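*Asks:* predicted coordinates and the sequence they were generated for:
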Amino acid sequence: MAVANPEIPTPLAIIVGPTASGKSALGVWLAGRLGGEVVSCDSTQVYRGFDIGTAKPTSAERRSVRHHLIDLLDANEVFTAGDYRRHAIGVLADLKERGKLPVLVVGTGLYLRALLEGLADAPLRSEELRTRLMTRADRRRPGYLHRLLKKMDPAAAARIAPQDSPKLIRAIEVCMLAGKPLTEVHRSGRQRLEGVRPLKIGLMPERNALYERIERRTAEMIDHGWRDEVRALVGKGIPAGAKPFSFIGYKELRANLEGHLELPKAIATIQQATRRYAKRQLTWFRKEKDVRWFEGFGDDAKIMQAVLQHLQEELGIAHKAAAPGTP
């Protein structure tokens with residue numbers, strides 16, 4: 001898709017939806033049909049070695065279509081929404097130069113918001129403050145961090161799950177360092193992404209069908225070696241406190257390998273946590289503006305064709321029916 005005029009906004013296809021909704025399969029297929037490349041927008045897939053549990057694209061998918069912003073970091077490195085925005089802007093500029101349609105596959109809503117709307121001028125991290133907060137949280141009864149944030153910024157506390165310690169700590173950190181609520185910080189100083197025309201696609205599978213797929217996919221991940229992957233990561237000396245070991249499944253399987261959690265219980269806990277995560281994702285993505293929603297899974301042939309036709313109309317391309325998987 002050659003860019004005829006640099007003054008004309010560049011199309012940016014965006015696929016949102018809950019985990020296990022088939023976003024990746026749809027993104028790969030659309031990129032293949034529309035002369036595009038896939039750009040991951042996921043906070044877990046940037047870490048090397050954490051592959052099965054983060055549902056990274058398969059080797060076959062990566063061979064068929066070029067992927068970006070996957071496997072950027074080692075487990076001990078920190079990656080923020082601001083870091084993602086900087087990397088993504090560079091990738092989008094490269095794709096524009098080469099006349100390729102970016103197909104953004106979004107698992108992390110905050111990263112999408114950071115890319116499109118910009119980020120507020122928030123304070124830098126304070127490791128000393130973070131350590132104090134984590135120490136206090138360990139000594140107090142469950143929910144301490146959420147209660148503390150609720151006093152400082154009720155609006156931010158309403159958006160963050162009580163169990164999401166990393167986000168709670170960052171929110172409290174910003175409140176304390178900036179001297180004002182995180183919500184107020186976010187309202188100021190944003191710089192929107194210019195020169196693009198977002199074309200947002202949303203996947204909305206039926207809830208029970210989604211939950212059934214989550215349970216089935218978790219079992220398949222275990223069968224495909226997820227537990228062995230975690231064993232290998234632990235064997236490399238990666239500490240339990242490394243950020244990727246806070247991802248759903250990795251902390252449970254590590255606990256299983258260390259003898260603290262029976263495997264059936266670990267699997268059930270992973271499935272429950274993933275269902276809750278999917279629900280939070282849907283809540284977040286429903287607030288996105290100008291999304292064209294499709295009620296089904298992204299790897300369903302009818303949904304694939306419907307999305308393709310919609311994007312072709314938006315892009316001004318003549319629609320030609322083809323079975324999914326056609327080159």
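*Replies:* Structure received. Numbers count the residues shown, from 1 in each chain.

*Asks:* which parts of the stretch 201-327 of the chain are strands?
*Replies:* 291-294 (DSSP state E, counting those that start in this stretch).

*Asks:* in it, where is pLDDT below threshold?
*Replies:* Along the stretch 201-327 of the chain, the parts satisfying pLDDT under 70 run over 318-327.

*Asks:* ok, which stretches of it are helices?
*Replies:* 207-223, 226-235, 250-257, 263-285, 301-315 (DSSP state H, counting those that start in this stretch).

*Asks:* so what are the domain limits for this protein?
*Replies:* Using automatic domain parsing, the domain parsing of the chain gives 10-119+191-226+280-315, 127-186.

*Asks:* touching, Asn96 and Thr10? I think so.
*Replies:* I think there's a mix-up here, since residue 96 is Lys and not Asn. Yes. If you go by C-beta atoms under 8 Å, Lys96 and Thr10 touch, sitting 5.2 Å apart. (Glycine included, C-beta is placed from N, CA and C.)

*Asks:* that older thread, highest mean neighbour count out of the helices of the stretch 201-327 of the chain?
*Replies:* Comparing the helices of the stretch 201-327 of the chain by mean neighbour count (mean count of other C-beta atoms under 10 Å), helix 250-257 ranks first with a mean of 21.

*Asks:* run the chain-centre distance for that helix.
*Replies:* With C-alpha atoms, centre = their mean, to the nearest Å as the basis, helix 250-257 stands 22 Å off its chain's centre.

*Asks:* now that helix - C-alpha only, CSV.
*Replies:* These are the backbone C-alpha positions of helix 250-257, laid out as CSV (Å, rounded to 0.1, in the frame of the first residue of the first chain):
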residue,chain,number,x,y,z
TYR,A,250,4.2,-17.8,35.1
LYS,A,251,4.0,-17.1,38.8
GLU,A,252,1.6,-20.0,39.3
LEU,A,253,3.7,-22.5,37.4
ARG,A,254,6.9,-21.3,39.2
ALA,A,255,5.1,-21.9,42.5
ASN,A,256,4.1,-25.4,41.2
LEU,A,257,7.7,-26.2,40.2
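
*Asks:* for that helix, packing partners?
*Replies:* Counting contacts by 3 or more C-beta pairs under 8 Å, 6 or more residues apart in numbering; DSSP states H and E, helix 250-257 is packed against helix 226-235, helix 263-285.

*Asks:* burial measure for Ala55, as a count.
*Replies:* Ala55 has 17 neighbours, counted by other C-beta atoms under 10 Å.

*Asks:* could you find the closest non-adjacent residue to Thr218?
*Replies:* Leaving aside its sequence neighbours, Thr218 sits nearest to Gln271 (C-beta to C-beta, 6 or more residues apart in numbering; 5.0 Å).

*Asks:* quick check: the one you found vs Ala55, distance?
*Replies:* Gln271 sits 14 Å away from Ala55, taking C-beta to C-beta, to the nearest Å as the criterion.
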